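**Student:** sequence unknown, structure follows:
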């Protein structure tokens, strides 16, 4: 009876019956004890297995080969390889099963090298392996990624007649696939005299796991033509291949046909198949189809719930992910760490900090805070919600950090404007021995772009080349973006032209680069070149293009491109596109036309649109229209200090001091403060930051001495300070003094005393450059015979020989 239970994998029943035997004083024989050892191994019941071992010794069966083999297998399944090896070594007689049990034990317990060493010993003593031995050895090679050793065993398989054994052939295919050699697996598959569904599944999943998704789908069709009916494992593998080929719309059609096959052949109730369908549809962005599959599942498990939550989180339906997470808890399904990651991704996408904090509390209560993936998702969530300091605290508390964790924190710093901290964290990453990957490089290039740190950006470019990073589309596009934002648009174009393959993001980045440098005609020419390729522009491409037209004053071209968005490409304009058009008209002085355009907008007017109109009103001094725009912005963004400051500046520039005072009082009452202006300059690979009136720099005395010298020379050259840009009711002399200490002038003066004569000076400012600093920079460039490059919040200004590249149109 015990033997029957053990052989039928009813291990609990077998052990319960053995307890009854003990109570009744019945002594088990060797057959029963071998069966009990099998049951103990299946349950991992080491203590009971040791009791059976004691019985074997007391009954004198310890030298029985069958009993010894069972003991080895039991200890191995219980994870105790030391006791298994002791039993093995003590056996006076060993057969092929003994050696195979020991090799299988090493394989199952992650001790692959020991398994391979024992196989060498087995051959040395003249014991011939069987097919089970070979399969376990191939499993070891697969786990170790030891393709060379696997090929040695493959040669042994051929030499000893195992090649026709389907069990061994499947093991060979699995080994080659897991070692990244699917073509070698195909070679084995082609030589098989007979192939079962397991053989087909192995080769299909092998191709899918190695990224050969189209090959996997082609084999699936061959399988059907060969008359082999796919099982649930086949279906899951093929759906995975479809999901990963999500850039190819034909793969979606393939997935839908497989869905039809699933329904027709009765696989709909299989939870693994259903989950794979959800994943496939979600990858293609078809979340409604994924949800239909999910809703039809009778008993979705936590993996199914997680697949649906992740599908929502990674789409434009992130809110639904949060709703589904609450439903999951209501029905009593316990979320796992992957579920939590999906919910945190949804919070990050939505920027819902409070919801993210609640999930963080759940993470702590559920004990998931030690999970590296959950910790990384928390870092990413806080960073994308704009709370970089909290993200850093989570990062610092992580017990285990992988390269993805470091990337999340570096990227978080870069995206939140803390570029110095991003670069500092990279240095810490290197000190701790963590090797960066291409994603790290992309985040660091973003940080350099934010600071305008050209020298450091070039260093990372050299680092990418010197450390053998694959310069793929993503890295190359990040380099283009960095060089454009660091004032070297020609280098960016050279990189763009050398790219073997470009996607729509690459084209958009280069178009945007031309735009921010005021080279609208070059941006338009590049867009026309893109139209001649097979790529279709997306919404971001048109934002870049319309912005380029705006900075260059290309009004008619801008109108033409705005209209072709929907007419030629079926792209519905969004808020950013309308904001670009208002900016385009406003910069050109066509304010009434801009207001009429806003009134005719078919979508809700957002803050970006009204902000563009207010900025244009500031340029042209149209206070009446500016007040109307500001009223809308006060409703949409009541806590945006920039709106109040801009309106206050307009009143001050017009000499309406009472109105300015009222706005300032409103700001004070609401406890709003305008973001301070910073100017950055990179000298000798170090970024220096300045604020207005800054005297904290170690070379502050020399900086102000240089400013005084420049002031004298500029006045002699005809420069007259424009005190309209000092927005306080103070004496003229004090206004002029305040102008001289603007952050960009301090940065320029520092650049002049810190760099060699004739070298360009490059400044990055976080706000729009003021009119007086713009005028002063033109004078300085002519006096010192240097090019001065200033990147403000809107665009680049290249000052040379007393002129600016913007043509005073900005």
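**Tutor:** Arrived safely. Keep in mind that what you see is a predicted model, and the values were worked out from it rather than measured.

**Student:** residues in contact with residue 230?
**Tutor:** Residue 230 makes contacts with 197, 200, 220, 223-224, 238, 261, as judged by CB atoms under 8 Å, 6 or more residues apart in numbering. Any C-beta I mention is one placed from the backbone N, CA and C, and that applies to glycine too.

**Student:** Which one of these sits in the busiest neighbourhood?
**Tutor:** residue 238 (28 neighbours; other CB atoms under 10 Å).

**Student:** got the contact list for that residue?
**Tutor:** 204, 208, 216-217, 220, 230, 258.

**Student:** And the helix or strand where it lies, how far out from the chain middle?
**Tutor:** Using DSSP states H and E, residue 238 sits in helix 232-244. Here the centre of helix 232-244 is set off from its chain's centre by 24 Å, with CA atoms, centre = their mean, to the nearest Å.

**Student:** how about the strands of this protein, start to end?
**Tutor:** Applying DSSP state E to the chain gives strands spanning 679-683, 686-690, 761-765, 788-791, 796-800, 803-804.

**Student:** Export those to TSV and append columns for distance to residue 514, mean pLDDT and mean neighbour count.
**Tutor:** Listed next are those as TSV, based on distance: least, CB to CB, whole Å; pLDDT from 0 to 100; neighbours: other CB atoms under 10 Å:
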stretch	distance to residue 514	mean pLDDT	mean neighbour count
strand 679-683	23	90	23
strand 686-690	26	88	19
strand 761-765	18	92	27
strand 788-791	14	93	25
strand 796-800	10	93	23
strand 803-804	17	92	18
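
**Student:** rewinding a little: any chance of CSV for the contacts of residue 238, columns pLDDT and distance to residue 57?
**Tutor:** Shown next, in CSV, are these (pLDDT from 0 to 100; distance: CB to CB, whole Å):
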residue, pLDDT, distance to residue 57
204, 94, 49
208, 90, 50
216, 90, 53
217, 89, 58
220, 91, 54
230, 90, 51
258, 89, 57
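
**Student:** Kindly reformat these as JSON lines and extend each row with distance to residue 629.
**Tutor:** Listed next are the contacts of residue 238 as JSON lines, based on distance: CB to CB, whole Å:
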{"residue": "204", "distance to residue 629": "60"}
{"residue": "208", "distance to residue 629": "55"}
{"residue": "216", "distance to residue 629": "56"}
{"residue": "217", "distance to residue 629": "55"}
{"residue": "220", "distance to residue 629": "59"}
{"residue": "230", "distance to residue 629": "62"}
{"residue": "258", "distance to residue 629": "54"}
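
**Student:** Please list all residues in contact with the nearest residue to residue 516 once chain neighbours are set aside.
**Tutor:** Nearest residue to residue 516 in three dimensions, chain neighbours excluded: residue 795, at 5.0 Å (CB to CB, 6 or more residues apart in numbering). Residue 795 sits next to 515-518, 551, 806, 810 when contact means CB under 8 Å, 6+ apart.

**Student:** Point out the least confident one among the residues you listed.
**Tutor:** Here the lowest pLDDT out of these sits on residue 810, with 69.

**Student:** contacting residues around residue 677?
**Tutor:** Here residue 677 is in contact with 691-692, 742-743, 765-767 (CB under 8 Å, 6+ apart).

**Student:** just residue 239 next, same as before
**Tutor:** Residue 239 touches 255, 258, 273, 276-277, 279-280, counting by CB under 8 Å, 6+ apart.

**Student:** try 7 Å this time
**Tutor:** Neighbouring residues of residue 239 by CB atoms under 7 Å, 6 or more residues apart in numbering: 255, 258, 276-277, 280.

**Student:** Looking at those residues, spot the one nearest residue 337.
**Tutor:** residue 276 (20.2 Å; CB to CB).

**Student:** Check that closest one and give its pLDDT.
**Tutor:** For residue 276, the predicted pLDDT is 93.

**Student:** Surely it touches residue 236?
**Tutor:** Yes: using CB atoms under 7 Å, residue 276 is in contact with residue 236, at 4.5 Å.

**Student:** More neighbours: those two, which one.
**Tutor:** residue 276 (28 against 23).

**Student:** ok, now how distant is the more buried one from residue 804?
**Tutor:** 59 Å (CB to CB, to the nearest Å).

**Student:** what bits of the protein have low per-residue confidence?
**Tutor:** For the chain, the stretches with pLDDT under 70 are 1-30, 32, 246-249, 723-739, 810.

**Student:** quick revisit: which one of the contacts of residue 239 is nearest to residue 704?
**Tutor:** For the contacts of residue 239, the nearest to residue 704 is residue 280 (65.4 Å; CB to CB).

**Student:** Give me the nearest residue to the closest one, chain neighbours excluded.
**Tutor:** Per CB to CB, 6+ apart, closest to residue 280 is residue 243, 4.2 Å.

**Student:** Residue 251 now?
**Tutor:** residue 245 (3.8 Å).

**Student:** I'd like to know how many residues surround the one you found.
**Tutor:** For residue 245, using other CB under 10 Å, the count is 24.

**Student:** And residue 435, by the same measure?
**Tutor:** Neighbour tally, residue 435, other CB under 10 Å: 10.

**Student:** Phi, psi for it please.
**Tutor:** Here is the backbone geometry of residue 435 (degrees, to the nearest 10): phi -80, psi 130.

**Student:** Now do the same contact list for the closest residue to it other than its chain neighbours.
**Tutor:** Counting by CB to CB, 6+ apart, residue 403 is the residue found nearest to residue 435 once chain neighbours are left out, at 6.9 Å. Neighbour list for residue 403: 434-437, 440 [criterion: CB under 7 Å, 6+ apart].

**Student:** hmm, which two among those are most spread apart?
**Tutor:** 434 and 437 (9.9 Å).

**Student:** Pick out whichever of those two has more residues nearby.
**Tutor:** A direct count of neighbours by other CB under 10 Å for residue 434 and residue 437 places residue 434 higher, at 17 against 14.

**Student:** How about stretch 143-163, which residues are buried there?
**Tutor:** 144, 146-147, 149-151, 153-154, 157, 162-163 (16 or more other CB atoms under 10 Å).
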